[in-house]
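J.: Need a 3D model of the sequence below.
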Amino acid sequence: MEIRTLKPEEFDAAIELGEYAFQYRMTAEAKEKARKRFKPENTWGMFDEEGRLSAKLGLLNADIFVNGKKMPMSGVAGVATWPEYRRQGLVKQLLTHSLQVMNESGKLISMLHPFSFAFYRKFGWEMFSDFKKYVISTEKLPAKQVTEGTVRRGVTDISVLNRVYEAYASRYNGMMVRDEDRWKHAILNDEEDQTAVYYDSAGEPQGFLLYKVQKQEMQVYEFIYLTEEARQALWTFIGNHDSMIKQTVLDHMPVDDGLTYMLADPRITQEIVPFGMARIVNVPGFIEAYAFQSDGKEQAWTVQIQDPYAPWNEGKWRIALSPEGTAAVTAADPAERAQLSLDIQTLTTMMLGYKRPGELLNMGRLAGEPEAVAYLERVIPIGRTFLLDFF
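T.: The predicted model follows:
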């Protein structure tokens, strides 16, 4: 079979496959909007000997935040195969090819939302984030507070929303950098959704909600705040709907948000949901771009990496860390003893901060000398992972 990017005239074939695989139907209006935004150069397909599209996947190129820095990322989305072509390794070939494309185009990390965690783990992706979902009856909402600022509904100025969003997103590893197109067509694309922005006494935006009220329920899709004052003000805004709603559903909150601790009655419905997988695409590039926590000393160690689907990452690497926390990575002598050994999945989840080196050692996912593991504990920042965007 042939692997290549799609042509503009193959849009309908891609949509037909997606509708079948994911069991949905696009309206004519939605299809025409999607046609105008279709980027065939970012969609890869497998074609049989008669030129028919057999399987496909899309690549979404964006930056993500890692330790407060932006890193180039390629998201994998819309993976689909016609049933008559399944169990023939087509997706395996597409994923392997897409990793080569990502690497050649300078992407350092990749993310996806899996239909099966086990399936994508085989190819090097690993879970790296969870979110909390809350269901709170109105009488258990946080107490209303008086703040000096104001809440304004219906703010659609993307520059305002994005300024608050990026300041918030930079606190977490894995949050996407949103461009104007994503705001318009993926975040603010539902006419029934509403926004509410909190401005402090100086007129500076410090938080916002993306929400919907229907059938006596408030659904909050994004609860973004930069200060405690903004958090209190936005909760008060939610509470002021008490005559209209019986409950509030917060669909997507960070695991470390601490809400239940702040409630008078913390016995509310909450669920932790695994959400999103990631994998480092280029080990040397990622580590050299990574912001380590400096301990003021020069240090070097050798790491054995297993990554069969991205062979450019395989083997032994010598990582030298400067007193300022900047890394230089070079290929190590194959005969040199490795102080640490791990696969690409473990490396990814460790560097993003989802799991600490000591935890991974205890789980048997990381092997190595205790001194080297202890060193990693010191120089890998204690990060928080979170991902709001679905693609």
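J.: residue ranges of the helices in the stretch 51-200 of the chain, please?
T.: 90-104, 117-121, 158-169, 180-182 (DSSP state H, counting those that start in this stretch).
J.: what's the spacing between the helix or strand where residue 46 lies and its chain's center?
T.: In the assignment (DSSP states H and E), residue 46 maps to strand 43-47. Distance of strand 43-47 from its chain centroid, counting by Cα atoms, centre = their mean, to the nearest Å, is 24 Å.
J.: Just checking: what are the partner strands of that strand?
T.: Neighbouring strands of strand 43-47 in its sheet, by DSSP bridges, are strand 2-5 (antiparallel), strand 53-66 (antiparallel).
J.: quick revisit: put together TSV for the helices of the stretch 51-200 of the chain, with mean pLDDT and mean neighbour count on each row.
T.: (Glycine included, C-beta is placed from N, CA and C.) Listed next are those as TSV, based on pLDDT from 0 to 100; neighbours: other Cβ atoms under 10 Å:
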stretch	mean pLDDT	mean neighbour count
helix 90-104	98	18
helix 117-121	97	14
helix 158-169	98	18
helix 180-182	96	13
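J.: Can you check which of these gets nearest to residue 390?
T.: Each of the helices of the stretch 51-200 of the chain was scored for nearness to residue 390 using Cβ to Cβ, and the closest is helix 180-182 (11.3 Å).
J.: My reading is that residue 230 lies in a strand. Confirm?
T.: No - under DSSP: H, G, I helix; E, B strand; the rest coil, residue 230 falls outside any strand and is assigned helix.
J.: change the start of the numbering to 20 and stick with it
T.: Sure, I'll start numbering at 20, so the last one becomes residue 249.
J.: Can you report how many residues lie near it?
T.: Neighbours of residue 249 under the rule other Cβ atoms under 10 Å: 25.
J.: Run through who's touching the strand holding residue 65.
T.: Residues outside strand 62-66 that contact it (Cβ atoms under 8 Å, 6 or more residues apart in numbering) are 20-25, 29, 33, 72-78, 97, 104, 109, 112-113, 116-117, 120.
J.: Could you turn the buried ones of these into a ChimeraX selection?
T.: Under the burial definition 16 or more other Cβ atoms under 10 Å, those of the contacts of strand 62-66 that qualify are selected in ChimeraX by:
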select :22,25,29,33,72,73,74,75,76,77,78,97,104,109,113,117,120
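J.: Kindly reformat the strands paired with strand 62-66 as a markdown table containing distance to residue 191.
T.: Converted to a markdown table, the strands paired with strand 62-66 look like this (distance: least, Cβ to Cβ, whole Å):
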| stretch | distance to residue 191 |
| --- | --- |
| strand 21-24 | 32 |
| strand 72-85 | 7 |
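J.: Tell me which of the ones you listed sits nearest to residue 403.
T.: strand 72-85 (10.7 Å).
J.: Can I take it that residue 40 is in a helix?
T.: Yes - under three-state DSSP, residue 40 sits within a helix.
J.: doesn't residue 99 make contact with it?
T.: Yes - contact criterion Cβ atoms under 8 Å: residue 40 and residue 99 qualify, at 3.6 Å.
J.: intersection of neighbour lists for those two?
T.: Counting by Cβ under 8 Å, 6+ apart, nothing touches both residue 40 and residue 99.
J.: residues contacting residue 286?
T.: Residue 286 touches residue 159, counting by Cβ under 8 Å, 6+ apart.
J.: Make sure I have this right: it is in a strand.
T.: No - assigned with three-state DSSP, residue 286 falls outside any strand and is coil.
J.: any weak-confidence spans in the protein?
T.: Of all residues in the chain, none has pLDDT under 70.
J.: can you list the domains in it?
T.: Listed by automatic domain parsing, the domain ranges of the chain are 21-126, 150-292, 301-398.
J.: Quick one: those as CSV, columns for distance to residue 143 too.
T.: Below are the domains of the chain laid out as CSV (distance: least, Cβ to Cβ, whole Å):
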stretch, distance to residue 143
domain 21-126, 8
domain 150-292, 16
domain 301-398, 5
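J.: between these, which gets nearest to residue 405?
T.: Here domain 150-292 is closest among the domains of the chain (Cβ to Cβ), at 3.9 Å.
J.: Pull up the distance across that closest one, start to finish.
T.: Across domain 150-292, the terminal residues are separated by 5 Å (Cα to Cα, to the nearest Å).
J.: ok now it, how far from the chain's centre?
T.: Here the centre of domain 150-292 is set off from its chain's centre by 19 Å, with Cα atoms, centre = their mean.
J.: Give me the packing partners of the helix or strand harbouring residue 268, helices and strands only.
T.: If you go by DSSP H and E, residue 268 is part of strand 266-272. Strand 266-272 makes packing contacts with strand 149-156, strand 236-244 when contacts are defined by 3 or more Cβ pairs under 8 Å, 6 or more residues apart in numbering; DSSP states H and E.
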